[in-house]
Every structure is written in C-alpha cells, then in structure tokens.
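1. my questions concern the predicted model and sequence given below.
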Amino acid sequence: MINIAIDGPAGAGKSTIAKAVSKELGFVYVDTGAMYRAIGIYLSRLGIDPSDEAAIDNAMPGATVDIKYIDGAQRVFLGEEDVTGLLRTEEAGNMASSVSRFSSVRTKLTQLQKDLAVKQNVVMDGRDIGSAVLPNAEVKIYLTASEQARGERRYKELTEKGEKADLNTIIADIAARDHQDMTREISPLVQAEDAILLDSSDMNIEEVINAVLGICRTKGVID
Ligand code: DC
C-alpha cells in the first residue's frame, strides 16, 4: 500500500490539501486530527478535566472511535454516534490538543491509524504521521506557513461565514496550540528527518496541491 503523510502546525491547510491530493490520486483521506477531536468530545462529555491523566487513562478503554467512509467522505463515530458535525470547533480543537499528550489516548488512536493505512492507499494528515504513525510512508511532507499567514486565512474563513473574529486573538491561539503540540513529550509535532518542507505562506491552494503532486511524482508514487 502507498502511504502519503502530511504533517504540520494548526491552520497550515493540511486537510484542504490532503483531501484534494487524495481525490486526485484516488487514495483514501484520513484526517487524524478528527479522531483526537472525537476523543476530546468523549472526555469532555464525561466531565473529565483535560489535564487529569489518571481519569483519562481510566476512561480510555471505554472509548470506541470508528472511522467510516460515506460517499467517499470520512465520518467519525463515537460508539454508534456520528460526531463528525461536532468536531470543527475551536473548543474541540483545544480539547484535542490538551488530551493528545497522554499515552493512553495516543496509543489507541495510533493503532487505529496504522490499521487504516495497511489496508488501503492513504493520504493521512496530522502531527506525528511521518515521525511516528507511518515511519515508512513513501512520501512525507511537512506543510507549514507563517503564523501571520495561517491567522489571516482562518480570519478570512470565519468572517466569510459571517462569524465575528479578531485577527490578533486568532494568531495568539494558533501560536498557543503550536506550542502545546510541539512541546509535549510523546510524539510532538516535528518535521520528520526525511520529510520535505513545504512553506505555503506565499502560495495559493492550487500551487500547494501541484507542489505535493510534484513531490509524489519525484518519489515515483505517481506517473
Ligand atoms: O489537525 P487538528 O487541528 O484537527 O488537530 C487537533 C489536535 O489534535 C492537535 O492540536 C493535536 C492533536 N493531534 C495530534 O496530537 N496528532 C495528530 N496526528 C493529529 C492531531
């Protein structure tokens, strides 16, 4: 199976790019951040403090996260419940970032991710895909952009949806999340040694997609 790993900090456009590239290649897109977000929701529903490792360890055996593909799109299930629509909030992202530092959470989700990658060709995005989940991936990309560029994109996205937003607050949130993800002990966000760095600060979506496809071609994954 061919595995393409795309890692990088919050708001770098990983999911947009990974989704487009997977469509182009006919691979399955696996959004690992969504799995951490689902666990964040599971723990928060139980009223567990995101810094209480003992309580999280106790609760994790009861968590059932499942990934299903409906009309080609990834849906995330907590038990029987499709929670996909609840995942893309700032709160779920922060909760995910907080609880993702604990080994009981990472072990469970890493195994699920590895299992998905052995049975099909995948484009998988996250923080530790190239460094820990799929160390033998054929293509590894570290997709980043300046805090300013990532903040401005997020700001545009929110204001276009008619939501109120403050650019400086968004940039501060992005910086805080990066710090949390880069400084945790287990599988921190890091550019894998053999990953190719792609800085999209001055690129549009089309250019980034083409750059990723170009890298896939160079690596002999596509013609
Ligand atoms: O990509 P995202 O914003 O949906 O991810 C939410 C959080 O989940 C992120 O801040 C850290 C955690 N995460 C992780 O630790 N490892 C991954 N492979 C993906 C996400």
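-> Ah, there it is.
2. which residues are contacting stretch 181-197?
-> 5, 7-10, 97, 100-103, 106, 110, 127-128, 130-132, 135, 139-142, 144, 178, 215 (CB atoms under 8 Å, 6 or more residues apart in numbering). To be clear about C-beta, it is placed using only N, CA and C from the backbone, and glycine gets the same treatment.
3. now stretch 133-145
-> 2-9, 11-14, 17, 32, 110, 113-114, 117, 124, 126, 129-130, 153, 191-192, 194-201, 208, 212, 215-216, 219, 221.
4. establish whether that stretch and the ligand are in contact.
-> No: for stretch 133-145, no contact with the ligand is found by CB under 6 Å from any ligand atom; the gap never falls below 6.7 Å.
5. just the endpoints, please. Distance across that stretch?
-> 23 Å (CA to CA, to the nearest Å).
6. circling back: what's the PyMOL syntax to select whichever of the contacts of stretch 133-145 are buried?
-> To isolate the buried members of the contacts of stretch 133-145 in PyMOL, using 16 or more other CB atoms under 10 Å:
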select buried, resi 2+3+4+5+6+7+8+9+11+12+13+14+17+32+110+113+117+124+126+129+130+153+191+192+195+196+198+200+208+212+215+216+221
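7. just the ones of the contacts of stretch 133-145 in strands?
-> Among the contacts of stretch 133-145, the members found in strands (DSSP state E) are 3-7, 124, 126, 196-199.
8. which parts of stretch 47-59 are buried?
-> Residues 48, 50, 56, 59 are the ones in stretch 47-59 that count as buried (16+ other CB under 10 Å).
9. quick one: residues contacting the first one.
-> For residue 48, the contact set (CB under 8 Å, 6+ apart) comprises 55-56, 59.
10. equivalent analysis for the second one, please.
-> Residues in contact with residue 50 (CB under 8 Å, 6+ apart) are 40, 43-44, 56, 95, 98-99.
11. could you rank these by neighbour count and give me the top one?
-> Neighbour counts for the contacts of residue 50 (other CB atoms under 10 Å) peak at residue 99, which has 27 neighbours.
12. pretty sure it sits against residue 41.
-> No: using CB atoms under 8 Å, residue 99 is not in contact with residue 41; the gap is 10.1 Å.
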